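Participant: Here's my sequence, what's the structure:
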Amino acid sequence: MQGNGNPLRYAIMHHKIVEACLKDERIDPNSKDDDGCTPLHCAVKHGNEKVVDAFLIDERVDPNSKDSGGCTPLHCAVQYCGENVVEAFLKDERVDPNSKDNGGRTPLHCARGEKVVEAFLKDDRVDPNSKDNGGRTPLHCAGHYTNQCTSEKVVEAFLKDDRVDPNSKDDGGRTPLHCAGQYRGEKVVEAFLKDDRVESNSKDNDGRTPLYYAVKHGNEMAVRAFFEICPDDKNCKDNDGRTLLHCAVEHGNEMVLEALLKGGIDLNSKDNDGRAPLHYAVEFGEFVEAFLNDDRVDPNIKDNDGCTPLHCAIKHRNVKVVKAFLKNGRADLNMKNNLGCTPLDIARGNSHIPHNPDIVDLLQTSTSVLKRLASLWKFWK
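Facilitator: Purely as a prediction, here's the structure:
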């Protein structure tokens, strides 16, 4: 710690010496070091309750002085001390419990422990819905930053307070539940969903729900909690028309995808470009067989350009995926897109797509086999 020679900085571990220094009017109790910290900031960071009390008793001490990051001693207290020190600050009428740091965060935004949060919420002066520079409330932070082991209790402490708005949105349109869906397990999500005030299907600026966030970030247990408590949220779409299944395929989480496939979701729903989840699976080269093996999936579904997933597989020159379609046998090899091209036409190439001899051979062989089978069927019939 860099100092400026103030003896209070070197006495913060000994409350008797601090008391003696504070009686000396020549000593400035609010002098700052190079980081903008006062002796009270330093005392709080060392967690010495008696020393903190000694400072707060002195009327000359400014309990709201800010360091270079805009943090007051109370901001530091919620990070370095327990509820006893926090309560000591809150009992001091001079202390502003809603003072904001350079990021717009109040001390409550920074609070992590259940008891500390409860201490703030008991104070009528505290604004539990204050927003930081990103529009996040303390409850957003509880759903995001708190330790996994304690976050459930912290969230419950907030939700018990009728003043807290559980649906407040940040600048991106995200509610605290969006944050929980992204970062936390099923217990925290359940704590939100069991509160009747919480809007489980609230959408952010991109039209994405909290469940969408859980899917996007591979939070399997949170997904299961949503499915169990809010089954009606399964087929929601974002502003681009993408469903949870589109999202799961794009972000490649197998366990989440399996949960969605078993969850009664629409497997053929299209985005704004007319693409079904199978189109996405082809594009990203993931989970194609899982879709093809599900009889509910339409392998010949067309996008807005009239292209089936097989057309797309050939455009991406993915031989493995093309083989999967041919092995499955449900894809119509004669389907034409809006330009009148069959999958074989695309494989043969044009000015935009290079010729792919391997795929051409596969398609021609498969077409030949199908023709022979059709001929035999007609003969025996």
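Participant: Quick check, pLDDT for the closest residue to Leu159 other than its chain neighbours.
Facilitator: Using Cβ to Cβ, 6 or more residues apart in numbering and skipping the chain neighbours, the partner closest in space to Leu159 is Asp195 (5.0 Å). Heads up, the C-betas are built off the backbone N, CA and C, glycines and all. Asp195 carries a pLDDT score of 95 in this model.
Participant: Same check on Gly103?
Facilitator: 98.
Participant: what do you get for Trp380?
Facilitator: So Trp380 comes in at 50 (pLDDT).
Participant: Same question for Cys149.
Facilitator: So, for Cys149, pLDDT stands at 57.
Participant: Start the count at 10 instead of 1 going forward.
Facilitator: Okay, using 10 as the starting number, the last item reads as Cys158.
Participant: re the thing from before, counting neighbours, what do you get for the residue nearest to Leu168?
Facilitator: 17 (other Cβ atoms under 10 Å).
Participant: now swap in Asp132 and tell me
Facilitator: Around Asp132 there are 17 residues (other Cβ under 10 Å).
Participant: any idea how far it lies from Asp370?
Facilitator: Asp132 sits 76 Å away from Asp370, going by Cβ to Cβ, to the nearest Å.
Participant: Was I right to think the residue nearest to Leu168 contacts Pro175?
Facilitator: Yes - using Cβ atoms under 8 Å, Asp204 is in contact with Pro175, at 6.1 Å.
Participant: In the stretch 10-159 of the chain, what residue spans correspond to helices?
Facilitator: In the stretch 10-159 of the chain, the segments counted as helices under DSSP state H, counting those that start in this stretch are 16-19, 24-31, 48-54, 58-66, 82-89, 92-100, 116-119, 123-130, 147-153.
Participant: Output the below-cut-off pLDDT ranges for the stretch 160-309 of the chain.
Facilitator: For the stretch 160-309 of the chain, the stretches flagged by pLDDT under 70 are 193.
Participant: Could you rerun that using 80?
Facilitator: In the predicted model, the stretch 160-309 of the chain carries pLDDT under 80 at residues 193-194.
Participant: At which residues are the helices of it located?
Facilitator: Going by DSSP H, counting those that start in this stretch, the stretch 160-309 of the chain shows helices at 160-168, 185-192, 195-202, 219-225, 229-238, 253-260, 263-270, 286-293, 297-301.
Participant: picking that back up, so what sits against both of Asp204 and Pro175?
Facilitator: Common contacts of Asp204 and Pro175, defined by Cβ atoms under 8 Å, 6 or more residues apart in numbering, comprise Leu168.
Participant: Mind putting the helices of the stretch 160-309 of the chain into a markdown table with mean neighbour count and distance to Arg35?
Facilitator: A markdown table is the format used below for the helices of the stretch 160-309 of the chain (neighbours: other Cβ atoms under 10 Å; distance: least, Cβ to Cβ, whole Å):
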| stretch | mean neighbour count | distance to Arg35 |
| --- | --- | --- |
| helix 160-168 | 23 | 44 |
| helix 185-192 | 27 | 49 |
| helix 195-202 | 23 | 52 |
| helix 219-225 | 26 | 57 |
| helix 229-238 | 21 | 59 |
| helix 253-260 | 25 | 63 |
| helix 263-270 | 19 | 66 |
| helix 286-293 | 25 | 71 |
| helix 297-301 | 21 | 77 |
